[in-house]
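J.: Got a predicted structure plus its sequence, pasted below:
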Amino acid sequence: MIGRERQRCRFCGTVLATATDSMCGSCARAVGFRKPIPDGFYEDGDLRTALARYDFGAVFAAVRQHTGLSQLQLADLLDLSQSRVSAVERGERRLTHVKLAARLAILLRIPPRLLGFPTEVTGSLAAQEEANWLERRDFLALVTAATLGSDLHPELARLGSLLPGDVEPVTRPRIGAADVDAIEAITDGFRRSDFACGGGLCRAAAVTQLHQVRRLEDAVCSPTVRTRLLVAIAELAGMAGWMAYDVEDHDTARRLWTYALDTARRAEDHPRAPDLAVDMLLDMAHQALHLHGLDPNKHADSAGEALQLVQLASATAANRRYPVSTITQGYISSVLGWCRATLGESEPTRRAIGKAQETYAAVDPSMTPPWAWFVNDAEITAQQGHSLYLLSLTRPEFAPEAIEKLTTAVTGYGTECERSRAVILPPLASVQFQAGDIEASVATGHDAVDAITGLSSTRGYARLRVLDTVAAPHSGQPEVADLRERLRRALATTAA
């Protein structure tokens with residue numbers, strides 16, 4: 001607790017007169033303070049704004065001017081190098097790590113509330129870091145701020161510090177285009193592994209890689225390379241978020257996607273940045289719809305949240321310096337169709353599906369963003385079939401068309417997209433049950449169990465649970481009873 005640490009001088013151990021001090025007068029003079037930092041020093045409007053943004057350059061300059069500390073003395077006090085303090089004051093580097101911010105708050109008498117900490121106790125930040133992002137009420141406000149670059153949300157400046165895990169950084173004083181090429185190649189490797197096998201095998205490696213490459217922001221490089229680096233970091237963070245989502249680690253997925261959003265926004269001068277930002281928002285909408293499907297009672301607001309995220313994605317696509325790709329426009333319409341179908345709105349669903357089909361037909365393959373290599377005819381058909389499947393849950397007349405689309409998609413996927421094929425098999429079996437085709441639904445159900453249990457992914461197990469529920473009324477038939485027994489055995493092997 002910060003209050004306990006401030007009861008004694010951090011340097012000599014002398015009992016302090018007040019709990020707001022970090023060192024005694026003798027030690028303060030020894031490290032170079034000519035004047036102490038008084039109460040209320042940081043209440044100045046400009047300093048409050050700087051602290052909310054984690055702009056410690058302005059803070060360091062103000063502290064040194066008031067106290068008479070030199071850059072070297074301040075660096076020694078904070079256990080930083082003089083070159084780092086100088087770079088921070090010039091605005092060339094940022095200090096956003098939570099532990100470092102806590103140390104600065106203690107040593108420079110900065111009220112923790114001005115750094116966005118929930119109370120005057122810096123140690124309580126641990127509770128904030130552990131807060132479930134699926135339950136936080138301001139999630140949409142935070143996502144909107146990350147998308148638009150608003151300074152109204154104090155948490156934006158320290159998103160990187162709230163990511164899961166951490167590693168010792170690799171020190172690289174200078175980077176070039178080849179380094180960014182390597183990051184992009186690594187991200188593509190993670191993406192291909194995820195689509196072929198699921199996210200479980202590589203998600204820890206992806207997060208570790210993210211921690212390494214985001215530290216490269218401090219390296220010297222050209223403005224062009226720096227912008228490319230930000231895009232590459234955002235893409236890697238987004239991929240890591242999807243892999244976390246694929247194994248039902250929803251809290252981590254949201255943290256990673258929000259960090260990716262903010263990083264893409266900082267790279268707004270790059271033509272690919274809008275595509276990335278929109279893709280992150282659509283991934284969040286995808287997650288919200290998945291959560292609604294898991295338990296509509298527990299996640300009653302998820303469908304509406306998904307719709308708001310799609311609307312934000314659409315507005316982002318329309319109001320950026322560079323236009324998003326045609327394939328991204330098509331994906332916006334597809335996810336909108338899922339939202340409308342989940343809400344049982346047949347005509348809006350039809351319009352969204354039609355618009356997506358029309359947009360995809362106009363795609364120029366040479367303009368396809370790297371992340372969208374998997375959007376082929378099978379994927380497009382699967383997106384349409386999923387909308388019709390969701391609609392059939394409340395409107396059974398849409399079941400035959402859903403079966404047609406999903407069957408076409410299943411046969412069209414190659415081994416490089418085995419995860420995508422696997423996760424549409426349970427909905428296909430479910431809608432076949434709904435249409436009364438027991439023989440086909442049982443065969444598809446067994447195929448679904450084979451495919452999903454062969455993946456490094458747990459998201460598909462949620463769809464197997466739905467299939468088990470749909471099959472339950474037909475349990476009097478031996479072949480259905482056998483399928484349900486196999487489903488229960490498969491579900492017993494995972495906690496997902």
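T.: Happy to help now that I have it.
J.: pLDDT weak spots in the chain?
T.: Across the chain, residues meeting the criterion (pLDDT under 70) sit at 1-22, 26, 30, 96-99, 116-138, 145, 148-172, 299, 495-496.
J.: what's the domain layout of it?
T.: The domain map for the chain lists 2-130, 132-266, 267-492, with the assignment taken from automatic domain parsing.
J.: can you put those in CSV and add mean neighbour count?
T.: Yep, even glycine has a C-beta here, placed from its N, CA and C like the rest. Formatted as CSV, those follow (neighbours: other Cβ atoms under 10 Å):
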stretch, mean neighbour count
domain 2-130, 16
domain 132-266, 19
domain 267-492, 20
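J.: give me phi/psi at residue 368?
T.: phi -70, psi 130 (degrees, to the nearest 10).
J.: residues in contact with it?
T.: 325, 327, 375 (Cβ atoms under 8 Å, 6 or more residues apart in numbering).
J.: Next step: those residues restricted to strands.
T.: Assigned to strands by DSSP state E, none of the contacts of residue 368 qualify.
J.: Quick check: the gap between the closest residue to residue 462 other than its chain neighbours and residue 80.
T.: Spatially, and ignoring its direct neighbours in sequence, residue 462 is nearest to residue 294 (5.4 Å; Cβ to Cβ, 6 or more residues apart in numbering). Here the criterion is Cβ to Cβ, to the nearest Å. By it, residue 294 lies 46 Å from residue 80.
J.: by contact count, what packs against the helix ranked longest in the chain?
T.: Across the chain, the longest stretch assigned as helix under DSSP state H is helix 223-246. Packing contacts for helix 223-246, counted by 3 or more Cβ pairs under 8 Å, 6 or more residues apart in numbering; DSSP states H and E, involve helix 177-197, helix 203-214, helix 250-266, helix 273-294.
J.: Alpha carbons of the longest one, as PDB, please.
T.: Meaning helix 273-294. Extracted as PDB, the C-alpha positions of helix 273-294 are listed here (Å, rounded to 0.1, in the frame of the first residue of the first chain):
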ATOM      1  CA  ALA A 273      -4.800   1.600 -40.600                       C
ATOM      2  CA  PRO A 274      -8.500   2.100 -41.200                       C
ATOM      3  CA  ASP A 275      -8.900  -1.500 -42.400                       C
ATOM      4  CA  LEU A 276      -7.300  -2.700 -39.200                       C
ATOM      5  CA  ALA A 277      -9.400  -0.400 -36.900                       C
ATOM      6  CA  VAL A 278     -12.600  -1.600 -38.600                       C
ATOM      7  CA  ASP A 279     -11.500  -5.200 -38.400                       C
ATOM      8  CA  MET A 280     -10.900  -4.900 -34.700                       C
ATOM      9  CA  LEU A 281     -14.400  -3.500 -34.100                       C
ATOM     10  CA  LEU A 282     -16.000  -6.300 -36.200                       C
ATOM     11  CA  ASP A 283     -14.000  -8.900 -34.200                       C
ATOM     12  CA  MET A 284     -15.400  -7.400 -31.000                       C
ATOM     13  CA  ALA A 285     -18.900  -7.600 -32.500                       C
ATOM     14  CA  HIS A 286     -18.300 -11.200 -33.500                       C
ATOM     15  CA  GLN A 287     -17.300 -12.000 -29.900                       C
ATOM     16  CA  ALA A 288     -20.400 -10.200 -28.500                       C
ATOM     17  CA  LEU A 289     -22.700 -12.300 -30.700                       C
ATOM     18  CA  HIS A 290     -20.900 -15.500 -29.700                       C
ATOM     19  CA  LEU A 291     -21.400 -14.600 -26.000                       C
ATOM     20  CA  HIS A 292     -25.100 -14.000 -26.700                       C
ATOM     21  CA  GLY A 293     -25.300 -17.400 -28.200                       C
ATOM     22  CA  LEU A 294     -23.600 -19.000 -25.200                       C
END
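J.: so what secondary structure elements neighbour it?
T.: Against helix 273-294 (3+ Cβ pairs under 8 Å, 6+ apart) you get helix 139-148, helix 223-246, helix 250-266, helix 302-318, helix 326-342, helix 459-471.
J.: so the second one versus helix 177-197, what angle?
T.: What separates the directions of helix 223-246 and helix 177-197 is an angle of 20 degrees, with axes from the mean of the first three to the mean of the last three Cα atoms, to 10 degrees.
J.: okay, the angle between helix 223-246 and helix 203-214?
T.: With the same axes, to 10 degrees applied, the angle from helix 223-246 to helix 203-214 works out at 160 degrees.
J.: And the shortest one, by the same measure?
T.: Between the direction of helix 139-148 and that of helix 203-214, the angle (the same axes, to 10 degrees) works out to 40 degrees.
J.: what do you get for the fifth one?
T.: Counting by the same axes, to 10 degrees, helix 326-342 points 130 degrees away from the direction of helix 203-214.
J.: and the next element down the chain from helix 326-342?
T.: Beyond helix 326-342 in the direction of the C-terminus, DSSP states H and E gives the next helix or strand as helix 346-361.
J.: Against which helices or strands is that following helix packed?
T.: helix 326-342, helix 377-392.
J.: now these in CSV, with distance to residue 290?
T.: Below are those laid out as CSV (distance: least, Cβ to Cβ, whole Å):
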stretch, distance to residue 290
helix 326-342, 10
helix 377-392, 11
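J.: With respect to residue 426, which of these lies nearest?
T.: Taking Cβ to Cβ, helix 377-392 is the member of these nearest to residue 426, at 9.9 Å.
J.: same for the closest one, what does it pack against?
T.: Judged by 3+ Cβ pairs under 8 Å, 6+ apart, helix 377-392 is in contact with helix 326-342, helix 346-361, helix 399-412, helix 418-434.
J.: mind giving me JSON lines with the ones you listed and columns for distance to residue 311?
T.: Formatted as JSON lines, the helices and strands packed on helix 377-392 follow (distance: least, Cβ to Cβ, whole Å):
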{"stretch": "helix 326-342", "distance to residue 311": "8"}
{"stretch": "helix 346-361", "distance to residue 311": "12"}
{"stretch": "helix 399-412", "distance to residue 311": "25"}
{"stretch": "helix 418-434", "distance to residue 311": "25"}
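J.: Which one, of the ones you listed, ends up nearest to residue 179?
T.: When these are ranked by distance to residue 179, counting by Cβ to Cβ, first place goes to helix 326-342 at 26.5 Å.
J.: Can you check what angle separates the closest one from helix 399-412?
T.: Put simply, helix 326-342 runs at 140 degrees to helix 399-412, going by the same axes, to 10 degrees.
J.: now helix 326-342, how far from the chain's geometric center?
T.: Put simply, helix 326-342 sits 19 Å off its chain's centre (Cα atoms, centre = their mean, to the nearest Å).
J.: now the angle between helix 302-318 and it, please.
T.: 160 degrees.
J.: Which secondary structure elements does helix 326-342 sit against?
T.: Judged by 3+ Cβ pairs under 8 Å, 6+ apart, helix 326-342 is in contact with helix 273-294, helix 302-318, helix 346-361, helix 377-392.
J.: measure the residue nearest to residue 425 when sequence neighbours are not counted to residue 362 for me?
T.: Taking Cβ to Cβ, 6+ apart as the measure, residue 425 lies nearest to residue 448, with 3.6 Å between them; neighbours along the chain are not counted. Distance of residue 448 to residue 362, given as Cβ to Cβ: 34 Å.
J.: Could you do residue 469 as well?
T.: Relative to residue 362, residue 469 is positioned 40 Å away (Cβ to Cβ).
J.: just residue 37 next, same as before
T.: Distance, residue 37 to residue 362, by Cβ to Cβ: 61 Å.
J.: give me every residue that touches the residue lying closest to residue 379 once chain neighbours are set aside.
T.: In space, residue 379 comes closest to residue 420 once its chain neighbours are excluded; the distance is 6.6 Å by Cβ to Cβ, 6+ apart. Counting by Cβ under 8 Å, 6+ apart, residue 420 touches 195, 374, 378-379, 382, 413.
J.: end to end, how far does stretch 255-274 reach?
T.: End-to-end distance of stretch 255-274 (Cα to Cα, to the nearest Å): 19 Å.
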